[in-house]
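Q: after the sequence you'll find the predicted model.
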Number of protein chains: 2
Amino acid sequence: DDNAYFDSYAHHSIHLDMLKDSIRTASYRDFILQNQNIFKNKVVLDVGCGTGILSMFAAKAGAKQVIAVDQSEIIYQAMDIVRENKLEDKITFVKGRLEDKELPVDKVDIIISEWMGYFLLFESMLDTVLYARDKHLVEGGVVYPDLTTISLVALGDMDTYTEKVKYWDNVYGFKMSCMRTPLLEEASVSYASSEHVMSEPAMIKCIDVTSTNVRDLDFTTDFKLVMSRTDTCTALVGYFDVIFERNCTKTVMFSTGPRAPDTHWKQTVFYLKKPIELSEGEVLTGRISCRKDPDDCRSLIVTFDIEGETLTYYVR
Amino acid sequence: DDNAYFDSYAHHSIHLDMLKDSIRTASYRDFILQNQNIFKNKVVLDVGCGTGILSMFAAKAGAKQVIAVDQSEIIYQAMDIVRENKLEDKITFVKGRLEDKELPVDKVDIIISEWMGYFLLFESMLDTVLYARDKHLVEGGVVYPDLTTISLVALGDMDTYTEKVKYWDNVYGFKMSCMRTPLLEEASVSYASSEHVMSEPAMIKCIDVTSTNVRDLDFTTDFKLVMSRTDTCTALVGYFDVIFERNCTKTVMFSTGPRAPDTHWKQTVFYLKKPIELSEGEVLTGRISCRKDPDDCRSLIVTFDIEGETLTYYVR
C-alpha cells in the first residue's frame, strides 16, 4: 500500500544510497549547474524532493523560488539541510501527497524530479510528475529530465541460466521443479555483465515527459533485436536512458544499460523459459507489453511475445 | 503493516535466497536427519513453512504427521513441492495466520520453525512460535531450535567509520551534517569484517524457546566487552547463535557472528556516536535494552548506555 511505499523513503539509508549513486546525482547536478540560463529567476517545482539535493542545485543555479514537495518524513531532514546551507529563503517545503496539497504558487516555470524506478516505470512516480505538470506547469514550461527511453538487449549467459534452472532439480535432496516457472516470472533486478550482451540494443519506448500522458505509460510495441554475435540467448535485459536536452546549452544524459557504469537501478533481467540459439546478424523479433499491475499499481506486468510463446513477468 | 510483511514472502526470490543460505538450511537438515529418533512417529508443527523444506526433512526423518502453516501465498508452491516428492500423505498444509486457524490436530509433539530475523528478533515471528507452543505443544514437547543467544562484539574499523561520518560534510558541494545522527541511529545490517573485531564476544541474551515468554523478548541487560587488542572502537556488532540440543544425539549449532561463515542475516552494526579508544585487556561496560517499536511491532528499538551516554538505534 501507499503508506509502506512512503515509509520506505523515511529510512535515511535509502537516501544515502541514492545520493552515493553519482551517475544519478552528478547527472542532475551537471544538467542544472551547466544550464543556469534555464533556471535564472525561474520558479521551480521539485517533485519527491527527498533530501532536497535537486532543489539546492536549482537554487544555486539562480532559481527565484523552489517549491519542494515530498510525502515522506525525510522532508524534515531536507528542511534542516536547506537551513544548514542558508537556502531557506529560496526553497519552500510542502509535506504531503502532491495530489492533495495546495502549493504556495499556482504555476511554476520548471519541474524537476528524480522519479525513475526499476525498468523506468516501477513505482509509478511519473504519474505524480505528470499530475503536477498538468496542474502547475505554465504554458511552455519544461519538465526535467525531458526525455527518457526504455531499451532491450539480448543476453547470452548460459552458466547463470543453467544454475538458475538446475538448482530446483535437487534442493537438499528434494525436487522443487515447480518453483522454476514462478521464479523465472519474477523479473530480476541485477547487474547483467556487458560481456554477455549478444545483440544491439532496441529502443522500445521513448517518453517525452513534457507531452506524454499517464495512459501512454501502459504500452505495447514490436521490437527487433539484431544479434552482434552467435550465442544462445538466455534472457532479455531491460534498462533506461535519461536525457536533459530541451533548451539546454549543455545536454546531459546517462544510461542504466549493461555497457554503462553501474547505477543503483541495475538492469532488469527477464529470463527466457527456453533459451534460443541465434547467429550473428540474425534478428529476434517480438512484441513487448508493459502495464501497471491492477493488484498493485506500483508494480508492473511485462509480457513478451517471442518465437510463438507468450512470457509474462512481474517487476515488483 | 502485516499484509506488506506477508506479501514480501510471496515473492519467490526471497525463498531462493533463504534456501541458498546453506548455513541456515543445512543446519536444519543436519539437526533433523541426524536426530531421527526425535522425529520417529511424532506429530510435528512447522510454523511459517515457506517452501516446506523443514516439513519435508521432518517427514523424511520418520514423523507420523507434519502440519505446515504459512500465511503467505508461497504455501501453494509448498503444496506442489510436497506432491512432487510424494510426501502429501505425511504433510498437511494450513494457510492463514496461525493465531486465527484451527489445526487438524489439537496437540503436536514437536514444533520446528525458522523464525529468526536480523538481530534475532527483527520481524517478531518468534511471538507466533510461542503462541503455537502454548496452544498446541504437548506437555514435555520441544520447540526447535531450542536455544538461541544474542551476542555483542566491539568493532574497530576507523576507515569505514570516517567515510560514514565525513560523507555529510560535503555532498556535491552542500553540507548535510544533520543527516549524520539519524543515519547512525539506523542499525546497519551488513557484514562486519572479522579482522576488525577487537573484543571477545559478550552474550547479552539467551532464549530457551521451550520456556520463554513474549514479555521476556523485550529485555535490558548489562554487558562487559573485554578488549582483545588496542584499537579505537567504532561500533558494536550484534549477532545471534542457534542451537539444536535438547534430546539430541547429535547437537547442531550455527553462528551468524563476524567470525563465522556469512549467512543472509549478516550482522547488525551499531555505529557509535563517538569512537572510544580502548586498550587490550580493558573492559567496556554498558547496558543494552531491546524492545519492539510501539509504532511498528515488527521493528526493534535498541538502546545502549555506555560511557555515560545513551545511544538509540532502530532495526527496521
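A: Right, received. Where do you want to start? Numbers count the residues shown, from 1 in each chain, chains lettered A, B, ... in the order given.

Q: what residues does the stretch 101-250 of chain A put near chain B?
A: Selection of the stretch 101-250 of chain A residues close to chain B by CB under 8 Å from any CB of the partner chain yields A:167, A:171-179, A:182-183, A:186, A:188. Yep, even glycine has a C-beta here, placed from its N, CA and C like the rest.

Q: stretch A:138-151: end-to-end distance?
A: 31 Å (CA to CA, to the nearest Å).

Q: now do the buried residues in that stretch.
A: A:141-151 (16 or more other CB atoms under 10 Å in any protein chain shown).

Q: before we move on, the earlier item: who wins for most neighbours among the residues of the stretch 101-250 of chain A next to chain B?
A: A:M176 (26 neighbours; other CB atoms under 10 Å in any protein chain shown).

Q: list the contacts for that one?
A: Going by CB atoms under 8 Å, 6 or more residues apart in numbering or on different chains, A:M176 touches A:168, B:51, B:81, B:84.

Q: what's the closest of the residues you listed to A:M203?
A: Minimum distance to A:M203 across the contacts of A:M176 is 34.6 Å, recorded for A:W168 (CB to CB).

Q: what's the burial count for the closest one?
A: With other CB under 10 Å as criterion, A:W168 counts 20.

Q: and the nearest residue to A:I38 once chain neighbours are set aside, what is it in contact with?
A: The spatial neighbour of A:I38 that comes closest, neighbours along the chain excluded (CB to CB, 6 or more residues apart in numbering or on different chains), is A:N247 at 5.5 Å. When contacts are counted by CB under 8 Å, 6+ apart, A:N247 touches A:35, A:37-38, A:142.

Q: now secondary structure too, for these, in TSV please.
A: What follows is these, written out as TSV (DSSP: H, G, I helix; E, B strand; the rest coil):
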residue	secondary structure
A:N35	coil
A:N37	helix
A:I38	helix
A:V142	strand
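
Q: buried ones among those?
A: Members of these classed as buried by 16+ other CB under 10 Å are A:35, A:38, A:142.

Q: for chain A, longest strand please?
A: Counting residues, the longest strand found in chain A (DSSP state E) is strand A:231-244.

Q: just the C-alphas of it, formatted as CSV.
A: Output of strand A:231-244 as CSV, limited to C-alpha atoms (Å, rounded to 0.1, in the frame of the first residue of the first chain):
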residue,chain,number,x,y,z
ASP,A,231,25.3,-17.4,-29.0
THR,A,232,22.4,-18.9,-27.0
CYS,A,233,20.1,-16.2,-25.8
THR,A,234,19.1,-16.8,-22.2
ALA,A,235,17.5,-13.6,-21.2
LEU,A,236,16.3,-10.2,-22.4
VAL,A,237,17.6,-7.3,-20.4
GLY,A,238,15.7,-4.0,-20.0
TYR,A,239,17.2,-0.7,-19.0
PHE,A,240,16.5,3.0,-19.4
ASP,A,241,18.4,6.1,-20.5
VAL,A,242,17.7,9.6,-19.2
ILE,A,243,18.3,12.8,-21.2
PHE,A,244,18.2,16.5,-20.2
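
Q: which element follows that strand toward the C-terminus?
A: Later in the chain than strand A:231-244, the nearest helix or strand by DSSP states H and E is strand A:252-255.

Q: please identify the buried residues of that following strand?
A: With burial defined by 16+ other CB under 10 Å, the residues of strand A:252-255 counted as buried are A:252, A:254-255.

Q: out of these, who's nearest A:L16?
A: Using CB to CB, A:F254 is the member of the buried residues of strand A:252-255 that lies nearest A:L16, at 19.6 Å.

Q: what about the helices in chain A?
A: Using DSSP state H, the helices of chain A run over residues A:2-8, A:12-20, A:22-33, A:36-39, A:53-60, A:74-84, A:126-136, A:158-166, A:180-184.

Q: winner for burial among those helices?
A: helix A:53-60 (a mean of 26; mean count of other CB atoms under 10 Å in any protein chain shown).

Q: quick one, it and helix A:12-20 angle?
A: 50 degrees (axes from the mean of the first three to the mean of the last three CA atoms, to 10 degrees).

Q: outside of helix A:53-60, which residues touch it?
A: Here helix A:53-60 has contacts from A:19, A:25, A:28-29, A:32-33, A:39, A:44, A:46, A:49, A:66, A:68, A:78, A:81-82, A:85, A:87, A:90-91, A:110, A:112-114, B:171-174, using CB under 8 Å, 6+ apart.

Q: repeat that for stretch A:130-143.
A: Residues outside stretch A:130-143 that contact it (CB under 8 Å, 6+ apart) are A:38, A:45, A:47, A:69, A:98-99, A:103, A:106-113, A:129, A:209-210, A:212-214, A:246-247.

Q: any of those residues buried? List them.
A: Judged by 16+ other CB under 10 Å, buried ones among the contacts of stretch A:130-143: A:38, A:45, A:47, A:69, A:98, A:103, A:108-113, A:129, A:209-210, A:212, A:246.

Q: of the buried residues of stretch A:138-151, closest to A:F219?
A: For the buried residues of stretch A:138-151, the nearest to A:F219 is A:I150 (9.1 Å; CB to CB).

Q: what's the neighbour count on the nearest residue to that closest one once chain neighbours are set aside?
A: The spatial neighbour of A:I150 that comes closest, neighbours along the chain excluded (CB to CB, 6+ apart), is A:K205 at 4.2 Å. Residues lying near A:K205 (other CB under 10 Å) number 21.

Q: what's the distance between the closest residue to A:D231 other than its chain neighbours and A:D305?
A: In space, and not counting its chain neighbours, A:D231 is closest to A:G156: 3.4 Å by CB to CB, 6+ apart. A:G156 sits at a distance of 21 Å from A:D305 (criterion: CB to CB, to the nearest Å).

Q: which one's more surrounded, the two?
A: Per other CB under 10 Å, whichever of A:G156 and A:D305 has more neighbours is A:G156, with 22 against 15.

Q: wait, doesn't that one sit right on A:M198?
A: Yes: contact between A:G156 and A:M198 holds when scored by CB atoms under 8 Å: they sit 4.1 Å apart.

Q: joint contacts of those two?
A: A:229, A:231, A:233.

Q: most neighbours of all those, which one?
A: Neighbour-wise, the shared contacts of A:G156 and A:M198 (other CB under 10 Å) top out at A:C233, 26 neighbours.

Q: neighbours around whichever residue of the stretch 201-316 of chain A sits closest to chain B, how many?
A: Closest contact between the stretch 201-316 of chain A and chain B, by CB to the nearest CB, is at A:R316 (7.0 Å). By the criterion of other CB under 10 Å, A:R316 has 19 neighbours.

Q: before we move on, what about A:D70?
A: So A:D70, with other CB under 10 Å, has 24 neighbours.

Q: tell me where the stretch 1-150 of chain A is predicted with low confidence.
A: Residue ranges of the stretch 1-150 of chain A with pLDDT under 70: A:1.

Q: quick check: closest non-adjacent residue to the residue in it that chain B sits nearest to.
A: Closest residue of the stretch 1-150 of chain A to chain B, CB to the nearest CB: A:D80 (4.0 Å). Distance criterion CB to CB, 6+ apart; nearest residue to A:D80, sequence neighbours excluded, is B:C178 at 4.0 Å.
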